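*Asks:* coordinates for the following, if possible.
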Amino acid sequence: MHYTIKDYENPPDIAEKSKSYLTAEEYERTLANRVFELITEAAVAQKISIESEDIIFEKFDTEN
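*Replies:* Sure thing, here's the model as predicted:
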């Protein structure tokens with residue numbers, strides 16, 4: 001998954017673009033925690049471009 005916010009005045013819908021990479025539960029949790037909104041808000045507030053780098057996926061034990 002890679003996204004770049006180049007036009008901070010018209011940011012892309014990162015949540016929708018990321019949906020296919022997440023389980024339904026993780027997607028809902030991510031939306032509830034405003035993860036994607038915070039990234040976009042930071043780009044808009046600072047009037048900068050944001051690009052993801054070095055993303056590491058970790059598997060968590062959901063049984064405990």
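*Asks:* C-alpha only now, for contacts and for neighbours.
*Replies:* Will do.
*Asks:* tell me the first helix or strand C-terminal of the longest helix anywhere in the chain.
*Replies:* For the chain, the longest helix by residue count, based on DSSP state H, is helix 35-46. Going down the chain from helix 35-46, the next helix or strand is strand 50-51, by DSSP states H and E.
*Asks:* ok now that next one, how far from the chain's centre?
*Replies:* With C-alpha atoms, centre = their mean, to the nearest Å as the basis, the distance from the averaged C-alpha position of strand 50-51 to the chain average is 11 Å.
*Asks:* next one: stretch 39-49
*Replies:* Worked out by C-alpha atoms, centre = their mean, stretch 39-49 lies 13 Å from the chain centre.
*Asks:* got the buried residues for it?
*Replies:* Of all the residues in stretch 39-49, those buried under the rule 16 or more other C-alpha atoms under 10 Å are 40, 43-44.
*Asks:* helix or strand next in line after the helix or strand bottoming out on mean pLDDT in the chain, which one?
*Replies:* In the chain, no helix or strand scores lower on mean pLDDT, DSSP states H and E than strand 4-5, which sits at a mean of 68. Sequence-wise, the next helix or strand downstream of strand 4-5 (DSSP H and E) is helix 14-18.
*Asks:* Throw the buried residues of stretch 39-49 into JSON lines and include pLDDT and distance to residue 17, thanks.
*Replies:* Output for the buried residues of stretch 39-49, formatted as JSON lines (pLDDT from 0 to 100; distance: C-alpha to C-alpha, whole Å):
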{"residue": "40", "pLDDT": "79", "distance to residue 17": "13"}
{"residue": "43", "pLDDT": "79", "distance to residue 17": "17"}
{"residue": "44", "pLDDT": "82", "distance to residue 17": "19"}
